[in-house]
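Q: Sequence and predicted model, in that order:
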Amino acid sequence: MSSPSRQPAGRPFAPAPTKPRPGFPVRLASMAAPALTTQPVPGLPYGRPLAAAAHDSRPAAPALVPSGLGLDSSAVRLAMVSRLAAQGLSEPAVLQALAAVERHRFVDSALVNQAYEDTSLPIGLGQTISKPSVVGRMLELLIQGRSRPLGRVLEIGTGCGYQSALLARLAREVYSLERLRALHEKARDKLRPLRLHNVHLILGDGMLGYPKGAPYDAILSAAGGDSIPQAWLDQLAPGGRLVAPAALASGRQSLVVIDKTDQGCVQTVLEAVHFVPLKSGLA
């Protein structure tokens, strides 16, 4: 992977005042989110740190004892996480979330045997659930270098809800937008049994963001456009980070990280990726 290039993007900003939490069109049943402990996961060969991770000193991920049978077995998920760690995924909190959330529950029944392979899978309506390695990479970029846990996070593109369930373990509150009604309803059905009190599902146009919940500590997009919408930058809190695919000047879709600083927005372009296109409107 070539060295990231850094270039200014956006305009200087004035810190946005914190707003009270709004009501939501869809809210999952209430239950406390699982707390993280500081015991290491046994047997995980933590790989090399990703870009900018060298100075991050987060505690090791909590222990997870293999249990269950078949795809319900935590050993199956631990095997997936072990492979991802060997490839370079190194953030303990992300590894723990991947080990805990059952990916096979978010894919169609005909594809469950592929759920823990490092592959993207169709979820209907021309959309996909991203590879575990790509999801892990984006989540790791989202939290690297932070001195405190994430507060409010905006997710663009709920899809089947898998990434939302992972974010629920990394952030205080997750606001997830989906423009396709059928996927919005599918994600609601998939997530309801998990009873994640901190996940809020919203049927809406992701390109507009969700200003009622702003400002956000982090914004994560599962779809890529020709540029980063200005609405996202406006809703990002000072000191916040945005991770999204975008097709920049070269026309090639790349993973982009934008940090909002006192001097403006600083953009870092990373590796080439391939995500579904970012579209506006509801369907």
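A: In hand now; what should we look at?
Q: what about the residue most central in space within the chain, helix or strand, and which?
A: In the chain, the C-alpha nearest the mean C-alpha coordinate belongs to Leu139, at 4.8 Å (CA atoms, centre = their mean). Secondary structure from DSSP states H and E places Leu139 in helix 132-143.
Q: counting contacts, what elements does that helix pack onto?
A: Here helix 132-143 touches helix 74-86, helix 92-100, strand 150-156, helix 162-168, strand 216-221, strand 236-247, strand 253-261, going by 3 or more CB pairs under 8 Å, 6 or more residues apart in numbering; DSSP states H and E. (C-beta placed from N, C-alpha, C; glycine too.)
Q: I'd like the average pLDDT over stretch 73-80.
A: Mean per-residue pLDDT for stretch 73-80: 92.
Q: correction: stretch 101-121
A: Here the average pLDDT along stretch 101-121 is 95.
Q: Mind listing residues that contact it?
A: For stretch 101-121, contacts defined as CB atoms under 8 Å, 6 or more residues apart in numbering pick out 71-72, 76-77, 79-80, 83-84, 122-124, 128-134, 160-162, 165-166, 169, 190.
Q: how distant is it from the center of its chain?
A: Using CA atoms, centre = their mean, to the nearest Å, the mean C-alpha position of stretch 101-121 is found 17 Å from that of the whole chain.
Q: Please apply the same query to stretch 229-236.
A: The chain centroid and the centroid of stretch 229-236 are separated by 17 Å, computed with CA atoms, centre = their mean.
Q: Pull out the buried positions in it.
A: 229, 231-236 (16 or more other CB atoms under 10 Å).
Q: residues near the residue found closest to Pro215 once you drop the neighbours it is linked to in the chain, how many?
A: The shortest distance from Pro215 to any non-neighbouring residue, by CB to CB, 6 or more residues apart in numbering, is to Ala237 (3.5 Å). Residues near Ala237, counting by other CB atoms under 10 Å, number 19.
Q: Kindly report the same for Gly151.
A: Counted by other CB under 10 Å, the residues lying close to Gly151 total 15.
Q: Hmm, it is touching Tyr175, no?
A: No: checked against CB atoms under 8 Å, the pair Gly151 and Tyr175 is beyond contact range at 11.1 Å.
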